[in-house]
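Sequence first, then the predicted structure, then my questions.
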Protein chains: 2
Amino acid sequence: MANSASGDSVVDRVVRVIEAFPEGVTSLQLTELADRAGLPLSSAHRLVRQLSEHGLLDLGAGGTVRLGLRLWELVNRNSPTLALRQAAMPFMEDIQQVLNQNVNLAVLDGWEALFVERLSRRGSVANRARIAGRMPVHISSAGLALMSHQSRELQAEYLEQFEDPTGKVTAGVVRHLLAEAAQQGYAQLAGVVDPDTWGIAVPVMNRKRRTVAALGVVVPLAEMRLQALVPALQTAARGIGRQLGD
Amino acid sequence: MANSASGDSVVDRVVRVIEAFPEGVTSLQLTELADRAGLPLSSAHRLVRQLSEHGLLDLGAGGTVRLGLRLWELVNRNSPTLALRQAAMPFMEDIQQVLNQNVNLAVLDGWEALFVERLSRRGSVANRARIAGRMPVHISSAGLALMSHQSRELQAEYLEQFEDPTGKVTAGVVRHLLAEAAQQGYAQLAGVVDPDTWGIAVPVMNRKRRTVAALGVVVPLAEMRLQALVPALQTAARGIGRQLGD
DNA sequence: CACGTTCTACCATTGAATGGAAGCTTCTGC
DNA sequence: GCAGAAGCTTCCATTCAATGGTAGAACGTG
C-alpha cells in the first residue's frame, strides 16, 4: 500500500499516461485518463500535474488533459524521421504536382508500415493512410514495397509469424506478392484498402542501398497508368535516397 | 547518495532527457545525453533503458539514443493541433497551388509563433519557418497576425515585457505594427526575417471568433502583390475557421 | 437545495529510485 | 599486438521520494 501497489515504476506510469489517448483523441478528462492508464485517481492527478508543469501535458481547468504543445514541438524537432521527411518533401511535392494524386511516405515498424508524411489533394480519391497511421504490411503497397526489400532473414521471420485475422490471405499469397514486388522494383495493390483505389509504392534506399522508406501514391482504379507512375516514383525515390546520409 | 542527490523527481528527469536533444539533432550518445540532462551516467542509462523498453526512446547498440518512432506516432496521432492541421491542409494546398509560394500555419505559444504546418515549393524563396520551429512575435508576420487579434490584456502584458535583444526594435514600434495589423486584418513584414522576402499572414478564427492560428505566405520581395495575396489568404482562413469546432 | 460527480490537497508509510564503484566492451595509437 | 583510454552496462546497500486512501472543495444537475 505504498510505493506502487501495482508494482510498476514511475516511468511505466508516465508512458501509460501518454499512451492512454486513443487514436485521434486530443483531450481526455482526468478521471477517464486515470481509468485508461490504470492508475489511482490521486496518482494520475499528481503525475499529470507534474508533467504539465513541464509542458509535456496540458492540464486545463476542470481536469481536461491534452498533450502539450511543447511535447509536440520537441518530438517533431528531433524526430528520428526528420531527415527522411525533409529529404522527401520536395520530391513528394513534385510527384503530387505532376500526377495530381495522393502521395505518401512510410517506414517499416514491426510488421506494419508507419506513414510519416503525406500529401493529399482535395478532389483526389480517399487515402486511408493518415500521418502517424499504420497499415499491416500485407494490405498496403507501401508495406509490401518495404518488406520486399528487407533481408531474407527478416522476410522469413515475417512470413513465419504471418496470420491474417480475416483469414482471407495466406502466407503463400503474401510470399508471392513480396517476390513479385522484389523482382519488379515496385509494389502494387488494387482494391484492397479501398475498392476503388490502386496503390503503388517503390522503395527508397539510402546510399548504402538499404531500404529505409517507401514512397507511394494512391490513385483511382480508373486512372491507373503503371507505365507513367512507376518511373516517376522511382526517379523521385532515387532523388530522396541521394539526399539521405548513412 | 540515495534517492536523488539533486532533489528532482523522476518526472523531472524524464522531461530533461527528452528535452536534452538540441534542435534538429535526432541522435545523441549516452554520455553526452547524461551530460546535457545533468544526470549521473548510471541514472541516465537506467532511465533511457526503461523508456526505450516502452518505445518512447530508442537505445541503439553502442549507446546511441534517439527519440522513439512510437513517441512520434503517439504525439502526432493525438496532438492538440491535429484538428487544426487537418482542417487547414486542403486550404494550404489550394493556396500553394494558386500562388505557388511557401505557405505556413502557426499558433501562439508564449510570446512566440510556433509553426505547426508548412508547405514549401522547390524553387520558391527560402522559408525560415520550419515545422515545429519558433519565431518571436515581433519578427514574424504570423506572430504579428496572432498577437494583434488577442485580448487587450494579453497584448498589454506582451508589450509590457517586450525587449528586443538586438535593441533595434522598441515596444512602441511593435505596438504600431500590432495596431496596423489589427486594423487591416492582416500582418506584413518585409525583409526582416530575410532581406529578400516578404511575409504576409492573416488570423484564423474559430466559430467563436477567437484567433487560434495564423495562415501566412512568404514571397520574394519582387513578387509582392498584396491585393492578390490578402484576399486569397483571408478566404482560406475563413474556410479553415468554418471547419474548426469550439 | 441536496445529491452525485469530479477535481484537488494532505500526509504517514515504505519500497522503488539512486549513483558510486567495478566489470565489460570497443577503439586508438604506438 | 598490446597498453591505455573512453564509453557502455551491471550491481547493490542506502534512503528519501513516490504512493494512494481519505477528506474536502468545486461544480453541475434534477
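In hand now; what should we look at? Numbers count the residues shown, from 1 in each chain, chains lettered A, B, ... in the order given.

Any stretches of chain A with poor pLDDT?
Low-confidence segments of chain A (pLDDT under 70): A:1-6, A:122-129, A:246.

Now do the strands in it.
A:27-29, A:57-59, A:64-67, A:102-109, A:112-119, A:134-136, A:187-190, A:197-205, A:211-220 (DSSP state E).

Please export the C-alpha coordinates of the third one as CSV.
Okay, so that is strand A:64-67. Output in CSV follows, covering the C-alpha atoms of strand A:64-67 (Å, rounded to 0.1, in the frame of the first residue of the first chain):
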residue,chain,number,x,y,z
THR,A,64,-9.1,18.4,-19.1
VAL,A,65,-5.9,16.8,-20.1
ARG,A,66,-4.2,17.3,-23.5
LEU,A,67,-0.8,16.5,-24.9
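
any idea how far it is from the chain center?
23 Å (C-alpha atoms, centre = their mean, to the nearest Å).

Direction included, what does it pair against?
Partner strands and pairing direction for strand A:64-67 (DSSP bridges) are strand A:27-29 (antiparallel), strand A:57-59 (antiparallel).

near DNA strand D, anything from the first one?
No - using C-beta under 7 Å from any atom of the strand, strand A:27-29 stays clear of DNA strand D, with a minimum separation of 11.8 Å. C-betas here are computed from N, CA, C, even on glycine.

Also the last one?
No - counting by C-beta under 7 Å from any atom of the strand, no contacts exist between strand A:57-59 and DNA strand D, the nearest distance being 14.7 Å.

Mind listing residues that contact that strand?
A:17, A:30, A:48-49, A:51-52, A:65-69, A:71, B:80 (C-beta atoms under 8 Å, 6 or more residues apart in numbering or on different chains).

are any of those residues buried, and which?
A:17, A:30, A:48, A:51-52, A:65-69, A:71, B:80 (16 or more other C-beta atoms under 10 Å in any protein chain shown).

how about these in JSON lines, adding distance to B:Leu39?
Listed next are these as JSON lines, based on distance: C-beta to C-beta, whole Å:
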{"residue": "A:Val17", "distance to B:Leu39": "22"}
{"residue": "A:Leu30", "distance to B:Leu39": "30"}
{"residue": "A:Val48", "distance to B:Leu39": "23"}
{"residue": "A:Leu51", "distance to B:Leu39": "18"}
{"residue": "A:Ser52", "distance to B:Leu39": "22"}
{"residue": "A:Val65", "distance to B:Leu39": "27"}
{"residue": "A:Arg66", "distance to B:Leu39": "28"}
{"residue": "A:Leu67", "distance to B:Leu39": "24"}
{"residue": "A:Gly68", "distance to B:Leu39": "22"}
{"residue": "A:Leu69", "distance to B:Leu39": "25"}
{"residue": "A:Leu71", "distance to B:Leu39": "20"}
{"residue": "B:Pro80", "distance to B:Leu39": "29"}
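
For DNA strand C, state which of those residues is nearest.
A:Leu30 (3.5 Å; C-beta to the nearest atom of the strand).

wait, what's in contact with that closest one?
With C-beta under 8 Å, 6+ apart, A:Leu30 has these contacts: A:41, A:44-45, A:48, A:59, A:63-65.

Name the nearest residue to A:Ala201, ignoring sequence neighbours.
Using C-beta to C-beta, 6 or more residues apart in numbering or on different chains and skipping residues adjacent in sequence, the residue nearest A:Ala201 is A:Gly216, 3.2 Å away.

How much space separates that neighbour from chain B?
18 Å (C-beta to the nearest C-beta, to the nearest Å).

Settle this for me: A:Leu99 is touching A:Val217, isn't it.
Yes - taking contacts as C-beta atoms under 8 Å, A:Leu99 lies within contact range of A:Val217: 6.2 Å.

joint contacts of those two?
By C-beta under 8 Å, 6+ apart, the residues touching both A:Leu99 and A:Val217 are A:Leu229.

Just want to know which of these two has more residues nearby.
For the pair A:Leu99 and A:Val217, the greater number of neighbours falls to A:Val217 (28 against 19), based on other C-beta atoms under 10 Å in any protein chain shown.

That one: what's it in contact with?
Here A:Val217 is in contact with A:95, A:99, A:101-104, A:199-201, A:229, A:233 (C-beta under 8 Å, 6+ apart).

Considering these, which possesses the most neighbours?
Ranked by the number of neighbours (other C-beta under 10 Å), the contacts of A:Val217 place A:Ala201 first, at 31 neighbours.

Residues in a beta bridge with that one, which ones?
Beta-bridge partners, per DSSP bridges, of A:Ala201: A:Ala187, A:Gly216.

for DNA strand C, what are the nearby residues on chain A?
Within chain A, the positions near DNA strand C by C-beta under 7 Å from any atom of the strand are A:1-4, A:7, A:9-11, A:29-31, A:41-42, A:45-46, A:49, A:59, A:61-63.

Now list the buried members of these.
Judged by 16+ other C-beta under 10 Å, buried ones among those: A:10-11, A:30, A:45, A:59, A:63.

These in helices, which ones?
Using DSSP state H, A:10-11, A:30, A:45 are the members of those that sit in helices.

In a markdown table: those, plus distance to B:Leu159.
A markdown table is the format used below for those (distance: C-beta to C-beta, whole Å):
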| residue | distance to B:Leu159 |
| --- | --- |
| A:Val10 | 42 |
| A:Val11 | 42 |
| A:Leu30 | 36 |
| A:His45 | 36 |
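
Tell me which two in those residues are the farthest apart.
Taking C-beta to C-beta as the measure, those span a maximum distance of 20.6 Å, between A:Val11 and A:Leu30.

From DNA strand C, how far off is the most centrally placed residue in chain A?
Nearest to the geometric centre of chain A sits A:Leu114, at 1.8 Å (C-alpha atoms, centre = their mean). With the distance defined as C-beta to the nearest atom of the strand, to the nearest Å, A:Leu114 ends up 29 Å from DNA strand C.

Give the bridge partners for that residue, please.
Going by DSSP bridges, A:Leu114 forms beta bridges with A:Val107, A:Arg134.

so it sits right up against A:Leu105, yeah?
No - applying C-beta under 8 Å, one finds A:Leu114 not in contact with A:Leu105, separated by 10.0 Å.
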